[in-house]
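Colleague: Provided below for reference: sequence and predicted model.
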Amino acid sequence: MGDPLHTILTERLGCRWPIIQTAMGWVAEPSLVIGSSNAGAFGFLGAAVMTPREAREKILAVRQGTDKPFGVNFHSFQPGADQIVELILANKDQVRAVSFGRGPNAKMIGRFKDAGILCVPTVGAVKHAQKMVELGVDMVNVQGGEGGGHTGSVPTTVLLPQVLDAVKVPVIASGGFADGRGLAAAMAYGAVGIAMGTRFLLTKESPVPDTTKTAYLKATTDGIIVTTKLDGIPQRMVRTRLMDKIEKSGKLGMWLRAIEASAAMKKLSGASWIDMIKSAKGMTGHGQVPLKQAMMAATMPMLIQKAVVDGDIEHGVMATGVVGGRIGEIPSCQELVDRIVAEAHERLAVLAGLGREAASAA
């Protein structure tokens, strides 16, 4: 019999193990993508917070650090999205997949498919999975409510089987996974692999400053909350003094943060105010949210950047999955992947043995 961890995910993405490192903004940088890909997982570069120039430089950096296939994440509404799409297509010999939330239309998906690049969107609801399949995607990554950042209310253990029953494409499970037991459980449901964000954020190759990693390690499950005060949409964050202050703020405070973050994003990206408004409108068109919320969501990376890039947890926010509350150490990507694979093989072997014992007793 073949290795149960060799699934259609590993076959089609070209990685050794059915483990995806998700495209966290400011965190899924070349060092992490290289580390996770060389360890046997499939790494996604987080280009959704990059300018086209930055994306070009960082795609090249990944290519120089690994000969393994990798993916690129982007948003169709971000400034410079058309240029980033062309960059992805130009690197189709090694960029094996694209990921997105509110993503491209059927025509753009068709361009990726014609180039041999797989489309693997992240969805948080059954209807969104069905819509993506209608548009022609190759796989869907199902993120349950345990996931970090923007999240829904349906737990992975409920949402995953719902989506598996509703679509005919391969399904990846995310939201609450950090070890081999989770990988074995996801495969028992019928998923072809797992995707992890928080667990990869807390690795040695993650570019997050040590001060911020230490704060993440101190977070308990009770210290991880879901808030709507950042942009009006539920997000899962580590509870900090800043988050407590934000939770007590009113609508005016939300608008002031949006304006401040918009100005910072404009300066960083070089985008015009017209580009920023177009980006926000693009979010309203895909996500059916009010313009105010979309403008705030479009600038949220700036608040995350303060914590995960600058190490300033006093003035930044720390997105996390609830699983972060039980992570207590920072391994290398290789150590992490090797451990997950060993644990998954062990659990699957135990389950297979129990099945044989039951069959013999029958």
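Modeller: Sure, I can see it.
Colleague: below-threshold pLDDT in the stretch 201-350 of the chain: ranges please.
Modeller: Applying pLDDT under 70 to the stretch 201-350 of the chain flags residues 251, 253-300.
Colleague: try 90 this time
Modeller: Applying pLDDT under 90 to the stretch 201-350 of the chain flags the ranges 227-235, 240-306, 314-316.
Colleague: how about the helices in it?
Modeller: Under the criterion DSSP state H, counting those that start in this stretch, the stretch 201-350 of the chain carries helices at the ranges 210-218, 241-247, 251-269, 273-287, 291-308, 333-361.
Colleague: and the first one, what does it pack onto?
Modeller: It stands for helix 210-218. On a contact count with 3 or more Cβ pairs under 8 Å, 6 or more residues apart in numbering; DSSP states H and E, helix 210-218 meets helix 198-201. The C-beta positions use only the backbone N, C-alpha and C, and glycine is treated the same way.
Colleague: what is the helix it packs on packed up against?
Modeller: So helix 198-201, by 3+ Cβ pairs under 8 Å, 6+ apart, packs with helix 210-218, helix 333-361.
Colleague: do you know which of the ones you listed lies nearest residue 199?
Modeller: Closest to residue 199 of those, according to Cβ to Cβ: helix 333-361, at 6.9 Å.
Colleague: could you pull out the buried residues of the closest one?
Modeller: For helix 333-361, a neighbour-count test (16 or more other Cβ atoms under 10 Å) marks 333-334, 336-338, 340-341, 343-345, 347-348 as buried.
Colleague: same check on stretch 195-202?
Modeller: By neighbour count with 16+ other Cβ under 10 Å, stretch 195-202 contains the buried residues 195-202.
Colleague: before we move on, what about stretch 216-236?
Modeller: Neighbour counts over stretch 216-236 (16+ other Cβ under 10 Å) mark 216, 219, 224-225, 227, 229-236 as buried.
Colleague: how close does residue 178 get to residue 186?
Modeller: Note on residue 178: its distance to residue 186, by Cβ to Cβ, to the nearest Å, is 12 Å.
Colleague: please say which of the two ends up with more neighbours.
Modeller: Each of residue 178 and residue 186 has its neighbours counted (other Cβ atoms under 10 Å); residue 186 has more, 26 against 20.
Colleague: residues touching residue 195, list them.
Modeller: The contact partners of residue 195, by Cβ atoms under 8 Å, 6 or more residues apart in numbering, come to 19-22, 122, 141, 143, 172-174, 177.
Colleague: count of neighbours near residue 307?
Modeller: 27.
Colleague: which residues in the protein form strands?
Modeller: Using DSSP state E, the strands of the chain run over 19-21, 42-46, 70-73, 95-99, 118-119, 122-123, 140-143, 149-150, 171-174, 194-196, 224-227, 235-238.
Colleague: give me the domain ranges for this protein.
Modeller: 8-207+333-355, 210-322 (automatic domain parsing).
Colleague: re earlier: could I get the contacts of residue 195 as a markdown table with neighbour count, pLDDT and distance to residue 206?
Modeller: Output for those, formatted as a markdown table (neighbours: other Cβ atoms under 10 Å; pLDDT from 0 to 100; distance: Cβ to Cβ, whole Å):
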| residue | neighbour count | pLDDT | distance to residue 206 |
| --- | --- | --- | --- |
| 19 | 30 | 98 | 15 |
| 20 | 30 | 98 | 15 |
| 21 | 34 | 98 | 10 |
| 22 | 30 | 98 | 12 |
| 122 | 26 | 95 | 19 |
| 141 | 29 | 97 | 20 |
| 143 | 30 | 97 | 19 |
| 172 | 26 | 98 | 21 |
| 173 | 31 | 98 | 22 |
| 174 | 27 | 98 | 17 |
| 177 | 29 | 98 | 17 |
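Colleague: of the domains of the chain, which stretch is the most buried?
Modeller: Most buried of the domains of the chain by mean neighbour count (mean count of other Cβ atoms under 10 Å) is domain 8-207+333-355; its value is a mean of 21.
Colleague: what is the end-to-end distance of that one?
Modeller: Using Cα to Cα, to the nearest Å, one end of domain 8-207+333-355 lies 24 Å from the other.
Colleague: residue 345 contacts residue 181, correct?
Modeller: No - applying Cβ atoms under 8 Å, one finds residue 345 not in contact with residue 181, separated by 11.4 Å.
Colleague: ok, back up a step: would you point out the most distant pair within the buried residues of stretch 216-236?
Modeller: The most widely separated members of the buried residues of stretch 216-236 are 216 and 232, with 24.9 Å between them, by Cβ to Cβ.
Colleague: show the end-to-end separation of stretch 196-204, please.
Modeller: End-to-end distance of stretch 196-204: 15 Å, with Cα to Cα as the criterion.
Colleague: off-centre distance for that stretch?
Modeller: From the chain centre to the centre of stretch 196-204 is a distance of 11 Å (Cα atoms, centre = their mean, to the nearest Å).
Colleague: stretch 237-245 too?
Modeller: With Cα atoms, centre = their mean, you get 22 Å for stretch 237-245.
Colleague: still on that earlier bit, out of the helices and strands packed on helix 198-201, which is closest to residue 59?
Modeller: helix 333-361 (19.0 Å).
Colleague: hang on, isn't residue 222 packed against residue 325?
Modeller: Yes - here residue 222 reaches residue 325: they are 7.4 Å apart, a contact under Cβ under 8 Å.
Colleague: could I get the pLDDT score of residue 357?
Modeller: According to the predicted model, the pLDDT of residue 357 comes to 72.
Colleague: residue contacts, it?
Modeller: By Cβ under 8 Å, 6+ apart, the contact list for residue 357 is empty.
Colleague: how far away is it from residue 348?
Modeller: From residue 357 over to residue 348 (counting by Cβ to Cβ), the distance is 15 Å.
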